[in-house]
Every structure is written in C-alpha cells, then in structure tokens.
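**Q** Pasting a predicted model and its sequence here:
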Number of protein chains: 2
Amino acid sequence: MRKINPHDFNVATRTTSRDINRQIALNLVREHQPLSRADLARRMQVRRGVVSVLVNELIQEELIYEGATGEAARGRKPTFLHVRTQNRLVVSVDVRFSRTYLALSDFGGRQLALDIFDTVFAPAKLIKIAARRIAKLLDAHKARPFCEGIGVVVPGIVDHRTGRILNAPTLGWRGVDIRDALSKETGLPVHIENAAKACALAQMWHGHGDAAGAHSFAHVSVSDGVGVGLVMNGELVRGHDNIAGEFGHLPLSIEGPRCMCGASGCWEAYISNIATLSRYFGHNLSKTEPKDLLADGRNRLSITDLVARARSGDAKAVTAIQTTARYLGLGLASVIHAVNPQRIYIGGEITAAWDMIEGTVRAALAERALTEEAVRTPILLAAFVDYPRLRGAAALVAAPTFAAPRVA
Amino acid sequence: MRKINPHDFNVATRTTSRDINRQIALNLVREHQPLSRADLARRMQVRRGVVSVLVNELIQEELIYEGATGEAARGRKPTFLHVRTQNRLVVSVDVRFSRTYLALSDFGGRQLALDIFDTVFAPAKLIKIAARRIAKLLDAHKARPFCEGIGVVVPGIVDHRTGRILNAPTLGWRGVDIRDALSKETGLPVHIENAAKACALAQMWHGHGDAAGAHSFAHVSVSDGVGVGLVMNGELVRGHDNIAGEFGHLPLSIEGPRCMCGASGCWEAYISNIATLSRYFGHNLSKTEPKDLLADGRNRLSITDLVARARSGDAKAVTAIQTTARYLGLGLASVIHAVNPQRIYIGGEITAAWDMIEGTVRAALAERALTEEAVRTPILLAAFVDYPRLRGAAALVAAPTFAAPRVA
DNA sequence: GACACTTTGTTCGGAGTTGAAACAATATCT
DNA sequence: AGATATTGTTTCAACTCCGAACAAAGTGTC
C-alpha cells in the first residue's frame, strides 16, 4: 500500500514488464541455484516459454550461465542455471582510525586477497596510497578486466548520492569527497557508504539460506562506536539526511555519561568497546581522551582481550561485560519499538562473548519490551566472517546488479 | 535499490504496464486537478495517445470524470479531468476511552455528519451499538449505495492483516476482533488500524499542496499516550509485529518516572497529557490511578484548560508546559536519529500552545542532535482539523484506491 | 471570410511483452 | 518398440507502449 510520489515516479514503458521479470528470474537463480528453466517457470508461475526467452537474454548478457544437466526420475533432464560470480570482481576498502583494509573479492563474496596499511588522515594522500595499492592488487591477480568497481566504507555519515563524507569524527573528516577522486585515479566506479549501513547491505545480500528471508531487519554493529543499519522492505534506510540508524545516540538516560557526540547518556556511551573497557579500568569516560582508548595494539587492552580475561575468571572483566550486555538489551528494546524489525543481527568483537551474555541481553530487553512478540524478536549474531565491513563494501558494488527495477 | 524478496514477489503480467501507468495517471489527476489529458501526457512524458486510452478507461470505471473546458491562449481548449470523490463515501469510527466518535465523509475528506456516544467496553455490545448508529447515519443521508467501507481506529496495537486488536490497554482489550464482526453486522468492508498510524496515513493522503511532497515523515500524536506513525518511501511502516513507531516507550532516562507500560522513564511518561497535568498538580504519576486523569469533563482539568491558564499568566501552568516542551524536543531527537524523516508532524492538544513552546522544543532538539541537518528537520503542526483520527480512519478506506500496484 | 497556425484529443500500424498451446528433444518404464 | 513424462522452443493471439498521422476546435492575420 505505497503511495505513488507524484513528483518522482517511473512510468512503465514497453520493456518494463520484461525488466521486472528478468530481475525476478535473476534473483531466483541467485537464491535457489542450481535451478532449471522449468523450475524457474514453476516458481514464477509463468509459462516456460516466457522463462526461456528471459533466461536466454540473461545468458547472452553473461549474468548467468548454463552448468551441468541435473537428474530426473522421468523425462528429459534439466540443464542447471547459475549466476556468474567467479570472474566478476570487486575491490573493497575499509577506512578505520588505525588502519585501512583493502580486499579483492568476487560477487559471490569469496575473498581473493587482502592488504592492510596504516591510515593516513590527509584525504588526498590516502587516495594516492590506496589507488597505488589497488593497482598493485589488481595487477597481481590479473584482475583489472574483471573488476567492476570499488566499494569504500568509512566510520561516519556519508551522502550516498553525492559520495561526500559529511562527518567522520574519528578520522577528523568533514565534507570530504573521496569517491570522485578515487574514481578518477583508478578509472573504476566507486561507491561509498557508512560502515554500519554497508554491513546491513552485506547481511541482506550475502545472507543465504535460512539467514536470508528477512527483508526487514536491523544490523547493530558494536565497535568503537555503535552503528545500526536498517533494512526495511528489502531496502536500506538511509534517511533524508543520511543519519537514519544512529541509534547509538539515542539516550538510555539523558543524565547519563557524556558521549563523544556532545550529548549525554547515549546508548553508545554505555556499550561501545571504549565504554566497556573504561568500565573495566574504572575510568570515567568523560575524563579520558577517547583516542587514547581507540589506539589498539600498543599496550592497550582490546575488547577481545577483555573477553578472554572474563573467560579465565577475572571477576571485574565479567562485571564490565555483563553490565554492557544489560545496556545492550535495554537499547535493543528501543530499536524494536522504533522500527520493529523482523530480526536483529549483532556484529562486533563483543559477540565473541555471546554465550556468556545472551541471557543478560534478553532479560534486559524483556524489562522494557511492550509485547511478548517484541521480547521474542530473534537476536542473531551477524554471520561470523573475517572482515564484515569489507563484505559490506563489496556489496555496494554487487547489489545494484540484482536490485529491483524502480517502478511506479 | 530494493532487493527483490525471493519468497514473496509479483511477476509482471501483460497488463502490469497499464496498471502502473493507470495508477500514476490517477494520482497525478488527484494531485494536480484540474488537469487535461495533454497536461497528463506532458507530466508523464508519454504520448497523448497512451494517456487518452488510460483516461477513458478511468472514466469508464468512474474513478475520474470530465469537468469544464479550460482556457488556452491558442488552439483547442482542454477538457479538465477531476477525480470522483463527492459521491464516494466512508464511515469512520474512532474508539476512545471516554467516547466513541462516528462520522460520514467523502473520499475528499469532507465531513458530512458526526455522531458521538459513550464508549462501551464490551466489544460485542459496542459493535451492536456502532452498527445501529452507522445504519441510522447512512439512511439519514441516503448514503448506503455510495458507502465503500468503514474505517476504525483504536488506541492500541492492531494486526492490520487479520484485523485483530492485539492490545489496547486503555480499553482493556486483548485479542479482540472487531473488524469481522462489524463487517458482518453492517455488510460493509471494515479496515482497522492503530490511531497514530492512521493519523500518519491521513497526513500522507490528505496533505495537499505544500503539505504534500514529503514521502517520508513521522507523525507524532501527543495525547493520553504518545504514538508515532512512520511513513517511509510513501509507505506506512507497521513493523513485523505491528509495534513500529512506539517511540512513546523509548526511554529518556531508564531511571525516570514509571510509565503505564510497566517500564520506567518512557518518553510518554514525560510528555503525555497525563504527565503534563500531573506535573502541574505536583502529583507523582506513579502514585496516581491513571484512569482518573483520563476522565475528561467532570471536574478534571484538560490540557486545553491548562494551556488557557498558562496564557492568562498561571506560572505553574507555564512551567508544566515548558517542561513538557523540553522533553518533547529531546525525544524528537531520537525519532530523527532513528529514522531521519524528511519532516515531523506534531498532533495533539498541546499544539494549541505551539507559539509558546516551539523555541523550547527546538532548543532541546539542538541539545542532542548529531548534525546541523538534524537540527533543521522541519517540525510542523499536523494540519489542524477537527477530528484528525477520524480522517485517518477514512484514509484507511480511501487509500487503497490510489495505492501503487505491487510489483517485483 | 479565407487561410495559416496552434493545441487538444483520437486513431492506426509497428514493436515489444506475456499467455496459451503445440511441438521437438530427451529420457524412463512397460 | 511404443507409451508416458519432462524439458525446452516455437508460434500465434492478446495486450501494451511508441510514433506518427489525423480530426477537432480554437486564435490570429490578411
């Protein structure tokens, strides 16, 4: 029951029906491969004749290909279809405070190479370095003719349309344009997005099998900050000014601890890795230089270390983590009450302690939840992969190929 | 960039293109009437021939009609088109704690009749009474052949698909099915929805001219409780369990005052009419029987009275209202950070004091807002009409006629 | 008043799509 | 060998938009 926007609509042309069905067919192959033309016709509830034409067009465009012939109890054997992903490549870039991560992967999400280097904060310089390393990566894998684009994720607010980074406090960037410069430098199309939003995109496009199916969910990334990527109706919610999903700065208590954003009592100030570590050390976060705590590696404890200490019996570590878990659950109630997603995915280092904290999280959620259904909202760990943000960056490039046509 | 849901999609048939364009044409006439066929062709960027066929079909179906011929400097004069709304009628029902409101109106939102009676809490009995009064209303206006349905709004959580009222605490209803029973009793299709969500629907469909255009907004209703209707991408957000938009139960302070929902420190517990009145009387809400305060009329002060007292110099009234205004602004920051709507509409009795409180609200919002754009989010008063909830109820029936076809 | 010009609305053949059914290809079972 | 079943293709009808020509209805000019 969507209202047509009378100032921005898409009239159906003579090829619109085809475009729609073509894209449906492509997505069904992606989801259920291997799959025959006849299978497709059954799933789409159209005649085989229509599918035949659609599929042959998709094959001609090299979006899918014919594989082995399958088995059948009786009758002619089906020829299986697959989407082509192996030789469609993406470069993904994750710019973080300490380091920048670079990867080459295919449309199926398989990572072929990884490159890590220290982040440089001057945008122009960073672009130069990244471009050089990307070129090296592509040449080393003879990947240049197969690379279809670059996806970049950054910890901050990004205007997806213009490509400008509006505000990335940890990097100290305001109004920086990486996209066009990097595109010019590399000759490849560049997409850029906020890290949490990109993770949600990755969850949507790479969540195969039972992990798929939810076309409305929230992806909560607990890291140095707290970011939420919202997917509703199969669409990433960016918001009018690109700040949708900033649940990290909703208050648990407006009189609570000071947050890096300037306000007080933000959820982030209770559950970010920094907050958990501060709690362990007995620091008051407001008095600590936040960047000191961000510096991972040298002498500083990471949240992963803290989990390890908790497991080996450090009572203070257990308390710090369990307190975070409680606040995590209280904040999840806000996410549920606001947009009521079908599921919530949790990502971040703290998930390594999930077996210890799940009960606490759910109990806290139950404290505030309005209904039984709200309490029962599935809370799942984001599929554990080595570099979830890099997968998100890759999804930025791969997703448009499979997206629904804009219509009406 | 929407992902096609591989388990719930809509294949394009050979009439899909027409369905899409037909609906676009209908909406354009609705939005820009009066309008000629040639105007439509220009706006849609299709040939006049296509529009001619579409329009003649719409005329045949009696969705639009030809009106007067317009003026033109040169050439043949255009014949104007209008959507037919005058003799398409709706009965709208607003069930509230004290009274139930009943109205007859047309698809254009014009109210033709109103009937108010005391609410009976036994569902079966209420249905009987409502059905009798609806019949009377229809007969009195000879409206029976023109009535296309009944829209019902209730203060509670409604499953829009099944029509069941899952939980309406003020009415004491849990799992009540009004829809099917009322439909059987009256012989008319019945739609039922949560009041705040319906108000958002009304805002979307009745917000003509400059009020329209926003296809992503939040409608905040401040009343006995606080409800938010979320519209994103021209679509009402109901959520997986129909509790999306329950921002009223997001915390300002988890240690704050007790809320009727059982949790503590909900936004609602700070800014609902009850909260504002309690503040004025110096009561502690947690110790007061909430239903005492709900009873309007007899001996009790209403929020409208309180505003009047503030205007005539009652310092305590001013303080109570300004305090509410501040908390309103702080909570609006949460709405903005969560879903970042293009605009926010405010409804409810407190808006009568908007000139006094706007500054306070905006200052509080600025206290927590992450970005300059967030601070500048337009906060508008919901178009002041006599019975906004009834308009929402009417929109439930009228909207499907104009909605975009489900595709892909 | 005749005629050119402009704009609106209709009509008609062409191209592209789904829909239904027949047909060819390929396999199993009796 | 023939019946049966399934896959994939082809063909034609129905329906759509697309483009252009055409009719209708008005204004302006000589």
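**A** Now that the structure is in, tell me what you want to look at.

**Q** which secondary structure element contains A:Ala103?
**A** Secondary structure assigned from DSSP states H and E places A:Ala103 in strand A:99-106.

**Q** which residue packs closest to the residue in the stretch 251-400 of chain A that DNA strand D sits nearest to, ignoring adjacent ones?
**A** Here the stretch 251-400 of chain A gets closest to DNA strand D at one residue, A:Pro400, 22.6 Å apart by C-beta to the nearest atom of the strand. Where you see a C-beta, it was placed from the backbone N, CA and C, and this is true even at glycine. Nearest residue to A:Pro400, sequence neighbours excluded (C-beta to C-beta, 6 or more residues apart in numbering or on different chains): B:Met1, at 6.4 Å.

**Q** do A:Ala364 as well
**A** Spatial nearest neighbour of A:Ala364, chain neighbours left out: A:Gly329 (2.8 Å); criterion: C-beta to C-beta, 6+ apart.

**Q** For the stretch 51-200 of chain A, just list every one of the strands.
**A** Assigned by DSSP state E, counting those that start in this stretch, the strands in the stretch 51-200 of chain A fall at A:64-69, A:79-83, A:89-95, A:99-106, A:111-118, A:147-154, A:157-158, A:164-167, A:176-177, A:190-194.

**Q** any idea of the angle the first one forms with strand A:79-83?
**A** By that I understand strand A:64-69. Strand A:64-69 runs at 140 degrees relative to strand A:79-83, counting by axes from the mean of the first three to the mean of the last three C-alpha atoms, to 10 degrees.

**Q** Sheet partners, orientation included, of strand A:64-69?
**A** Note on strand A:64-69: by DSSP bridges, its sheet partners are strand A:79-83 (antiparallel).

**Q** Can I get the strand it pairs with in CSV, CA atoms only?
**A** In CSV, the C-alpha atoms belonging to strand A:79-83 read as follows (Å, rounded to 0.1, in the frame of the first residue of the first chain):
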residue,chain,number,x,y,z
THR,A,79,20.0,-28.0,-17.6
PHE,A,80,21.0,-26.1,-14.5
LEU,A,81,21.5,-22.4,-14.4
HIS,A,82,23.9,-20.5,-12.2
VAL,A,83,24.7,-16.8,-11.7
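
**Q** Report the mean per-residue pLDDT for that strand.
**A** Averaging pLDDT along strand A:79-83 gives 97.

**Q** Now do whichever residue of the stretch 51-200 of chain A sits closest to DNA strand D against chain B, distance only.
**A** DNA strand D sits closest to A:Gly75 of the stretch 51-200 of chain A, with a gap of 2.2 Å, by C-beta to the nearest atom of the strand. According to C-beta to the nearest C-beta, to the nearest Å, A:Gly75 stands 25 Å off from chain B.

**Q** Which residues are in contact with that residue?
**A** Going by C-beta atoms under 8 Å, 6 or more residues apart in numbering or on different chains, A:Gly75 touches no other residue.

**Q** repeat that for 10 Å
**A** A:Ala38 (C-beta atoms under 10 Å, 6 or more residues apart in numbering or on different chains).

**Q** Okay, A:Val339 and A:Thr377: tell me how far apart.
**A** Distance check for A:Val339 against A:Thr377: by C-beta to C-beta, to the nearest Å, it reads 11 Å.

**Q** what is in contact with the two at once?
**A** With C-beta under 10 Å, 6+ apart, A:Val339 and A:Thr377 have common neighbours A:Phe217, A:Ala218, B:His240, B:Ile243.

**Q** Among those, which one lies nearest to DNA strand D?
**A** DNA strand D has its nearest neighbour among these in A:Phe217, at 33.6 Å by C-beta to the nearest atom of the strand.

**Q** wait, what's in contact with the closest one?
**A** By C-beta under 10 Å, 6+ apart, the contact set of A:Phe217 is A:200, A:203-204, A:207, A:229-232, A:339, A:341-345, A:377-378, A:380, B:240.

**Q** Would you mind measuring from the closest residue to A:Arg48 other than its chain neighbours to chain B?
**A** Leaving out its chain neighbours, the residue that sits closest to A:Arg48 by C-beta to C-beta, 6+ apart is A:Ala41, at 4.4 Å. According to C-beta to the nearest C-beta, A:Ala41 and chain B sit 11 Å apart.

**Q** Quick one: find the helix or strand in chain A with the lowest mean pLDDT.
**A** Least confident element among the helices and strands of chain A, by mean pLDDT, DSSP states H and E: helix A:290-294 (a mean of 49).

**Q** which residues are in contact with the following helix or strand past that one?
**A** For helix A:290-294, the succeeding helix or strand toward the C-terminus, using DSSP H and E, is helix A:303-311. Helix A:303-311 is contacted by residues A:222-224, A:272-274, A:276-277, A:279-280, A:296, A:301-302, A:314-322, A:324, A:348-357 when judged by C-beta under 10 Å, 6+ apart.

**Q** Just the buried subset of those, please.
**A** Buried by 16 or more other C-beta atoms under 10 Å in any protein chain shown: A:222-224, A:272-274, A:276-277, A:279-280, A:296, A:317-318, A:320-322, A:324, A:348-353, A:357, out of the contacts of helix A:303-311.

**Q** Nearest residue to the residue in the stretch 301-408 of chain A positioned nearest to chain B in space, ignoring adjacent ones along the chain?
**A** Closest residue of the stretch 301-408 of chain A to chain B, C-beta to the nearest C-beta: A:Asn340 (2.6 Å). Spatial nearest neighbour of A:Asn340, excluding adjacent residues (C-beta to C-beta, 6+ apart): B:Gly239 at 2.6 Å.

**Q** Now do the same for the one you found: helix, strand or coil?
**A** What DSSP: H, G, I helix; E, B strand; the rest coil gives for B:Gly239 is coil.
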